[in-house]
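> need a structure here:
(one chain, ligands or ions: 1)
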Amino acid sequence: MDVEKHWWKEFFSGKALDLWRAVTTAEQTRAEADFLVSALRITPGSSVLNVPCGGGRLELALRGFRATGVEYSEEFIQKAREKSRERSLAVNWRQLDMRELSGLEPFDGAFCFGNSFGYLDDEENFDFLRAVAKVLKPGARFALDTTCLELVLRVFEQRSWFEAGGLLMLERNEYDLLQSRMNTEYTFVGGGETERKRGSQRYYAYAELCGLLKGAGFTNLHGFGSLNRDPVTFESSRVILVGEKV
Ligand SMILES: C[S@@+](CC[C@H](N)C(=O)[O-])C[C@H]1O[C@@H](n2cnc3c(N)ncnc32)[C@H](O)[C@@H]1O
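Numbers count the residues shown, from 1 in each chain. From the prediction side, this is the model:
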């Protein structure tokens, strides 16, 4: 299946965002914030980078952290701005590519949550991790919420579907063995309309992911298979790697 290299520039608009908003419940966002506060060892007043931040889940700003959100999608970042304005929260929203972080303040912590890693090619994915390391204070922590090749291939299905918020999302998946990428055609159905889009994600084996983070300048890595800090096993549905800036 052919997928545009920078498919993510167009993908995050319309029904794809409606579906994302439907799956990221307030309860889920609060549980992720609880995890982040403890795993990143941050306290209210600390500066925290959320990259990419999507529509700006505001939980950390509401808890008194100095939040910065970096996001490429115009539609998402506008929503994020509106939401924080409505609640009179001062958040530093930046519409940028996730690799272009230079010039942002040195942060006390950073995170990349919500299946946002691996859209780029190998060099670019590594550039992103290096960019995050560069804007962290020494000893500050980074949490990468992703998955790994071992877990993805265990549950691989050529065709699957998912329903949320009155929307149906159909997936046709092709795994490219040479590139270690899952190429997917998504069909979103809802409100009497259909949208079809393609995306592609690079999946790294667990050891490769750890190697990328170390190479980018992180040490003291810990891997978790859930927000409850369970270890990563073949039954895990996510991998959260936490590392410290050297
Ligand atoms: C699945 S959403 C998750 C959003 C957010 N992390 C969350 O948990 O709600 C993935 C996000 O990554 C953003 N994104 C993808 N590639 C990007 C890039 N190169 N630079 C900045 N944002 C990017 C998309 O626009 C989208 O908002």
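> right, and the helix or strand after the helix or strand harbouring Thr184?
With secondary structure defined by DSSP states H and E, Thr184 is part of strand 181-190. Moving toward the C-terminus from strand 181-190, the next helix or strand (DSSP H and E) is strand 193-202.
> Run through who's touching that next one.
Here strand 193-202 makes contact (CB atoms under 8 Å, 6 or more residues apart in numbering) with 1-4, 7-8, 10-11, 14-16, 118-122, 125, 179-188. Bear in mind the C-beta positions are built from the backbone N, C-alpha and C, glycine included.
> Report whether the strand holding Thr184 contacts the ligand.
No. Legend: contact between strand 181-190 and the ligand by CB under 6 Å from any ligand atom is lacking; minimum distance shown is 12.0 Å.
> which residue ranges form the strands in the chain?
For the chain, the strands defined by DSSP state E occupy 47-50, 66-71, 92-95, 107-112, 136-146, 159-164, 167-176, 181-190, 193-202, 218-224, 239-245.
> now those strands as TSV including distance to Trp20, mean pLDDT and mean neighbour count?
As requested, those are arranged in TSV below (distance: least, CB to CB, whole Å; pLDDT from 0 to 100; neighbours: other CB atoms under 10 Å):
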stretch	distance to Trp20	mean pLDDT	mean neighbour count
strand 47-50	15	98	24
strand 66-71	12	98	24
strand 92-95	17	97	17
strand 107-112	15	98	25
strand 136-146	14	98	20
strand 159-164	9	96	12
strand 167-176	10	98	16
strand 181-190	11	98	18
strand 193-202	13	97	16
strand 218-224	23	98	16
strand 239-245	19	98	23
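> Now do the contacts for the closest residue to the ligand within the chain.
For the chain, the residue closest to the ligand is Gly114, as judged by CB to the nearest ligand atom, at 2.2 Å. By CB under 8 Å, 6+ apart, the contact set of Gly114 is 20, 24, 54, 145.
> near the ligand too, which of these?
Within those, those near the ligand by CB under 6 Å from any ligand atom are 20, 24, 54.
> In contact with the first one, which residues?
When you say that, I think you mean Trp20. Per CB under 8 Å, 6+ apart, neighbours of Trp20: 12, 54-55, 114.
> and which of those residues is nearest Ile42?
Gly114 (18.5 Å; CB to CB).
> Close to the ligand: what parts of this protein are there?
Residues of the chain lying near the ligand (CB under 6 Å from any ligand atom): 8, 12, 20, 24, 52-54, 57, 71-73, 76, 97-98, 113-116, 119.
> separation between Glu71 and Leu170?
Separation of Glu71 from Leu170 (CB to CB, to the nearest Å): 26 Å.
> Ser237 too?
Ser237 is 20 Å from Leu170, by CB to CB.
> how about JSON lines for the contacts of Trp20, with pLDDT added?
Below are the contacts of Trp20 laid out as JSON lines (pLDDT from 0 to 100):
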{"residue": "Phe12", "pLDDT": "95"}
{"residue": "Gly54", "pLDDT": "95"}
{"residue": "Gly55", "pLDDT": "92"}
{"residue": "Gly114", "pLDDT": "96"}
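> Buried only: go through the residues you listed for me.
12, 54-55, 114 (16 or more other CB atoms under 10 Å).
> Which two among the residues you listed are spaced furthest apart?
Going by CB to CB, the pair spanning the buried ones among the contacts of Trp20 furthest: Phe12 and Gly114, at 11.4 Å.
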